[in-house]
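>>> Requesting a structural model of the entry that follows:
(one chain, ligands or ions: 2)
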Amino acid sequence: MLLALESSCDETAAAICTAEGEVLASAVASQIEIHRRYGGVVPEVASRNHILHVRPLVEQVLAEARVTLPDIQAFAATSGPGLVSSLLIGTSMAKALAVAEKKPFLAVNHMEGHLLSPFMAGNGPPRRSVALIVSGGHTMLIHMTGVGDYRLLGRTRDDAAGEAFDKIAKMIGLPYPGGPEIDKLARQGRPDAYSFPRSFLDGSSLEFSFSGLKTAVLYELPKLDLKNEIVLADVCASVQEAICEVLVEKLVLAARLMGEKLVTVSGGVSCNRGLRAKLTARCEKEGLTLLLARPDLSTDNAAMIAYAAAQRFQLGHTSPLEADVDPNLPLV
Ligand code: KG4
Ligand code: ZN
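Residues are numbered from 1 along each chain as shown. Ligands and ions are numbered 1, 2, ... in the order given. Okay, the predicted model is just below:
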C-alpha cells in the first residue's frame, strides 16, 4: 500500500492505494470558500491551510482504509508543478513519514497524476493513447505509449482552458472558480447565441490559444445586459461552446495524426458537462474509444497521485529525500 499527499494548489488531499492501483481511501479538504473572498488562490493563505489540514487528512485515510502507518510500503507526494509554498507542505509531510517509518519516498508529477487518472476505477492499465489534459494551469495533448513514455504534441500558447473559464467568469461577474459556474449557467443558455472566436491556429496545429476568446468577450461586455438571466446564460453557453469545440477537435486531430484509437481526457475542466457530451458524441462518430476521468478524480485529488505513484513504484522507481519541489516541473 502507498499513501500519497497532494497540496500543489488550494486543495489538501490524502489517499491510500494498493500497489496495483486500487484506491482504498481518499479525502480532500478544499479551500475554495477561503480563496473565493480574494477572487483567486492566495499562495500564503493556501500554504497555511495545507498545514492545518494535512495531518488530520493522513489520520482520516488511515482510519478509512483500516490500516496503520507501518502497513504503508511507500509515501508519495506531488512535487510539482504548483505553488512552491503549497508543494512544500505535502512533500515535507510525506518525507517525514517515510523517514519515521523507514520506507521509500516518491515525488510525483501532478500532471502525471492527471494524465493517468482516466485509467483508474477499473479502466487500467495505462496504455497507448492520446491524452488531453485540461486543468486550471495546463492544456496539453500528450502521446503516451506507456507509463513514463510521454511525448508532448501541443500545449497552450497563453491561457490554459480552465484559466480561460475562470478569467471570463470573473469578467462577467461570476464567483471563483468560474469553470463550474459557467458550466451550471450554460445549461439554460444557447451555445450559438454569440459567435465567439475559435482559435484553431493553422489547420494542423496541436497548440491552443484562448487569449483571443477572452478579448472577444471583453469587447462584447459593454453591449451585454448581464443582469438579464437569459443573456448571462447565453454568454456562458457560447463561451463554453467556443472553448470545448477547440478542445474536442484538436484531440480528434491528434488521435488521427498519431494513428491512435484510444483517447483520454483529464483535469478539472474535464468535469465540464458540455465538454463531456461533445467528446462522447464526437469520439463515437470518429470510432475512437474515449476514457474520461471520473469527475471526482478530475479536479485535484490525492487518489490520482497515489495511483501514479503506484505505477512508478511497480516499475521500481523511488525518489531521494533530497528531491526538491519544482513549481515548473515539466511532464515531458
Ligand atoms: O485540475 P484542477 O482541479 O486544478 C489544476 O491542476 O489546475 O483544475 C481546476 C480548473 C479550474 O480552472 C476550474 O474552473 C476548472 O478546472 N473546472 C471546470 C469545471 N470544473 C472545474 N471548468 C469548466 N467546467 C467545469 N465543470
Ligand atoms: Zn490539477
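
>>> All the helices of the stretch 101-250 of the chain, in order from the start?
Shown for the stretch 101-250 of the chain, the helices assigned by DSSP state H, counting those that start in this stretch span residues 110-116, 161-171, 178-186, 211-220, 229-258.

>>> I'd like those laid out as CSV, including distance to ligand 1, mean pLDDT and mean neighbour count.
C-betas here are computed from N, CA, C, even on glycine. CSV is the format used below for those (distance: least, C-beta to the nearest ligand atom, whole Å; pLDDT from 0 to 100; neighbours: other C-beta atoms under 10 Å):
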stretch, distance to ligand 1, mean pLDDT, mean neighbour count
helix 110-116, 6, 98, 28
helix 161-171, 3, 97, 23
helix 178-186, 2, 97, 22
helix 211-220, 13, 96, 15
helix 229-258, 7, 97, 21
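
>>> Dump the ones you listed into JSON lines; add distance to ligand 2 as well.
Formatted as JSON lines, the helices of the stretch 101-250 of the chain follow (distance: least, C-beta to the ion, whole Å):
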{"stretch": "helix 110-116", "distance to ligand 2": "6"}
{"stretch": "helix 161-171", "distance to ligand 2": "9"}
{"stretch": "helix 178-186", "distance to ligand 2": "12"}
{"stretch": "helix 211-220", "distance to ligand 2": "21"}
{"stretch": "helix 229-258", "distance to ligand 2": "16"}
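
>>> Leu297 is nearest to which of these?
Minimum separation from Leu297 across the helices of the stretch 101-250 of the chain (C-beta to C-beta) falls at helix 110-116, 9.0 Å.

>>> any idea how far that closest one is from the chain center?
7 Å (C-alpha atoms, centre = their mean, to the nearest Å).

>>> got it, and stretch 242-258?
18 Å.

>>> Identify the residues contacting the residue most central in space within the chain.
With distances taken as C-alpha atoms, centre = their mean, Gly267 lies nearest the centre of the chain, 2.6 Å away. By C-beta atoms under 8 Å, 6 or more residues apart in numbering, the contact set of Gly267 is His114, Ile133, Val134, Ser135, His138, Gly162, Ala293, Ser298.

>>> so what's the nearest residue to Gly287 once chain neighbours are set aside scoring on pLDDT?
Nearest non-adjacent residue to Gly287, counting by C-beta to C-beta, 6 or more residues apart in numbering: Lys261, 7.1 Å away. Lys261 carries a pLDDT value of 98.
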